[in-house]
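Engineer: Sequence and predicted structure, then a few things I'm wondering about:
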Amino acid sequence: MQLILSIILSTILGYLLLMMGPWVGDFLAFGIITGTLFRGLYLLNDIHKRLLKDAPELSKAKQAREDYLKQREQSSYE
C-alpha cells in the first residue's frame, strides 16, 4: 500500500516539476534527489553500526586460529 502511494505521489510531483519550467523544476529535482541520497547514506551508516554492535566476538581459540592463518598467508607470499 505504501509503495502504491509513493508511486502516485512521485508521479504527481514529476508532473508538477515539469510544469514549473526548467530552472525551478531542475532546482527542486536536484534537492529531492540529493536529500534522498543523503538520507540513504545515513540509514546505511546506521544499519552498519547496529550490525557491528551485534556481531559476536571471537573466542581466544578462534582469534588465535585467525592470527595463525594470517601469519601463514603472509609468509607464503614472501
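Structural biologist: Perfect, thanks for sending it.
Engineer: Can you pull the poorly scored residue ranges out of this structure?
Structural biologist: Using pLDDT under 70 as the threshold, the predicted model of the chain has low-confidence ranges 58, 77-78.
Engineer: if we go to 80?
Structural biologist: Low-confidence segments of the chain, defined by pLDDT under 80, are located at 54-58, 75-78.
Engineer: Does residue 27 fall in a helix, a strand, or a coil region?
Structural biologist: Residue 27 carries the three-state label helix when classified by DSSP: H, G, I helix; E, B strand; the rest coil.
Engineer: and it, what does it touch?
Structural biologist: Shown here is residue 27, which makes no contacts under the criterion C-beta atoms under 8 Å, 6 or more residues apart in numbering. From N, CA and C alone the C-beta is placed, and that goes for glycine too.
Engineer: That one and residue 17, how far apart?
Structural biologist: Spatial separation of residue 27 from residue 17 under the definition C-beta to C-beta, to the nearest Å is 10 Å.
Engineer: now swap in residue 73 and tell me
Structural biologist: Distance, residue 73 to residue 17, using C-beta to C-beta: 54 Å.
Engineer: ranges for the helices of this protein?
Structural biologist: Counting by DSSP state H, the chain has helices at residues 2-20, 22-54, 60-77.
Engineer: Between residue 73 and residue 17, which is the more surrounded one?
Structural biologist: Under the neighbour definition other C-beta atoms under 10 Å, residue 73 and residue 17 were set side by side, and residue 17 has more, 17 against 9.
Engineer: wait, that one sits on residue 28?
Structural biologist: Yes. The pair residue 17 and residue 28 qualifies as a contact (C-beta atoms under 8 Å) at a distance of 5.9 Å.
Engineer: residue closest to the middle of the chain?
Structural biologist: Among the residues of the chain, residue 44 comes closest to the average C-alpha position under C-alpha atoms, centre = their mean, at 3.5 Å.
Engineer: What's the local residue count around residue 59?
Structural biologist: Other residues near residue 59 number 9, with proximity taken as other C-beta under 10 Å.
Engineer: The one 3 residues further on too?
Structural biologist: Close neighbours of residue 62, defined as other C-beta under 10 Å, add up to 11.
Engineer: With residue 56 as the reference, measure out to it.
Structural biologist: From residue 62 over to residue 56 the distance is 10 Å, taken as C-beta to C-beta.
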